[in-house]
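A.B. asks: sequence unavailable; structure follows:
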């Protein structure tokens, strides 16, 4: 019986370890997105959330060190609880002040903006597109023509096809997509009308 | 059984430290958004013209980091390692004061700053 509980203990310990490693690995490679860990809905980073983050890690690590030593749950001193209470109350009041202003609950700025959003390009001509990534200026982006004809370079230079396709005259369009390499799911579109 | 307990201890300790290290690295590398962390917003002004550098946030940041490190040193130097050491009243008061200054600055920017007509 003791052998069985020992083996079960090692199996649970191993599985928990694998789960922990998986979580850390996914955070490291960006699959678990922590980019807005201390951000507000409007996109600004919050000093109150940062304070919560620091205090949480400090108390968690301290508590763990004490639990390892005593093999039991220690009493939490009143002043430690006061500190957490101060931090929590400050956060609540701060959000109350922020959300009393309609601008405080406005959505965050768009992650990536393509310009121009629409363009008329003659056959055989080119059009330069630009992408603005407000949260990560200077970060790299990927360009693609996702519908219609034409090609686009890695720098956003769109080249229209040399001539209109044979057949009855019809307005042709191309859709260009730009995606951020650093911000997952951030993308924007532009529509080209070929003339 | 004793070995298993030690393995679990190391596992949890490494996980917490690795998680803290990862978050700290991502904060410093800019992978976690910190834009506007030290800037406040003044109500009623146009977007783009409403931000100001906020000393009250800077002092709160310093007090927060200071208090965090100070408490960790208290835990590591604790003469009775089986207990969580209490935070000195003076430190709790300092953190409370720091938060009060931050909230005062935020309230001032929200309600007291003269808005453009």
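C.D. replies: Sure, I can see it. Not measured: the values here are computed from a predicted model.

A.B. asks: how's chain A carved up into domains?
C.D. replies: Using automatic domain parsing, the domain parsing of chain A gives A:1-32, A:35-108, A:113-194.

A.B. asks: for the residue nearest in space to the middle of chain A, give me its contacts.
C.D. replies: Closest to where the C-alpha atoms of chain A average out (CA atoms, centre = their mean) is residue A:35, at 4.6 Å. Shown in contact with residue A:35 (CB atoms under 8 Å, 6 or more residues apart in numbering or on different chains): A:183, B:31-33. In short, each C-beta sits where N, CA and C put it, glycine included.

A.B. asks: what's the most buried one of the domains of chain A?
C.D. replies: The highest mean neighbour count among the domains of chain A, using mean count of other CB atoms under 10 Å in any protein chain shown, belongs to domain A:35-108: a mean of 17.

A.B. asks: how about the helices in chain A?
C.D. replies: A:2-29, A:47-70, A:78-99 (DSSP state H).

A.B. asks: actually chain B, sorry about that
C.D. replies: In chain B, the helices defined using DSSP H lie at B:2-29, B:55-76, B:89-107.

A.B. asks: which of those helices comes out lowest on mean pLDDT?
C.D. replies: Mean pLDDT per stretch puts helix B:2-29 lowest among these, at a mean of 86.

A.B. asks: please report the distance of the closest residue to residue B:81 other than its chain neighbours from residue B:85.
C.D. replies: Spatially, and ignoring its direct neighbours in sequence, residue B:81 is nearest to residue A:69 (4.9 Å; CB to CB, 6 or more residues apart in numbering or on different chains). Noted for residue A:69: a distance of 13 Å to residue B:85, by CB to CB, to the nearest Å.

A.B. asks: check residue A:165 too.
C.D. replies: 78 Å.

A.B. asks: over to residue A:195?
C.D. replies: 75 Å.

A.B. asks: give me the more crowded residue out of those two.
C.D. replies: residue B:85 (20 against 12; other CB atoms under 10 Å in any protein chain shown).

A.B. asks: show me the contacts for the more buried one.
C.D. replies: Per CB under 8 Å, 6+ apart, neighbours of residue B:85: A:77, B:71, B:74-75, B:78.

A.B. asks: of the residues you listed, which is the nearest to residue A:55?
C.D. replies: residue B:71 (8.6 Å; CB to CB).

A.B. asks: rewinding a little: buried subset of the contacts of residue A:35?
C.D. replies: A:183, B:31-33 (16 or more other CB atoms under 10 Å in any protein chain shown).

A.B. asks: show me which pair in these is furthest apart.
C.D. replies: That would be A:183 and B:32, which, of the buried ones among the contacts of residue A:35, are the farthest apart (CB to CB) at 12.1 Å.

A.B. asks: not counting sequence-adjacent ones, nearest residue to residue B:55?
C.D. replies: Ranked by CB to CB, 6+ apart and with sequence neighbours excluded, the top spatial neighbour of residue B:55 is residue B:105, at 7.7 Å.

A.B. asks: if we can go back for a sec, now the helices of chain A in CSV, with distance to residue A:149 and mean pLDDT?
C.D. replies: Shown next, in CSV, are the helices of chain A (distance: least, CB to CB, whole Å; pLDDT from 0 to 100):
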stretch, distance to residue A:149, mean pLDDT
helix A:2-29, 36, 89
helix A:47-70, 47, 87
helix A:78-99, 48, 89
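
A.B. asks: in CSV, list those along with distance to residue A:191.
C.D. replies: As requested, those are exported to CSV (distance: least, CB to CB, whole Å):
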stretch, distance to residue A:191
helix A:2-29, 34
helix A:47-70, 38
helix A:78-99, 37
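
A.B. asks: gap between residue A:160 and chain B?
C.D. replies: Counting by CB to the nearest CB, to the nearest Å, the separation of residue A:160 from chain B is 35 Å.

A.B. asks: any idea how far that residue lies from residue A:123?
C.D. replies: Computed as CB to CB, the residue A:160 to residue A:123 distance reads 5 Å.

A.B. asks: OK, contacts around the residue nearest to residue B:55?
C.D. replies: So residue B:105 contacts B:40, B:54-57 (CB under 8 Å, 6+ apart).

A.B. asks: distance of it relative to residue A:100?
C.D. replies: Residue B:105 is 15 Å from residue A:100, by CB to CB.

A.B. asks: what sits against residue 17?
C.D. replies: By default, I'm working from chain A. Contacts of residue A:17 (CB under 8 Å, 6+ apart): residue B:11.

A.B. asks: actually chain B
C.D. replies: Residue B:17 neighbours (CB under 8 Å, 6+ apart): residue A:61.

A.B. asks: now swap in residue A:153 and tell me
C.D. replies: Contacts of residue A:153 (CB under 8 Å, 6+ apart): A:143, A:159.
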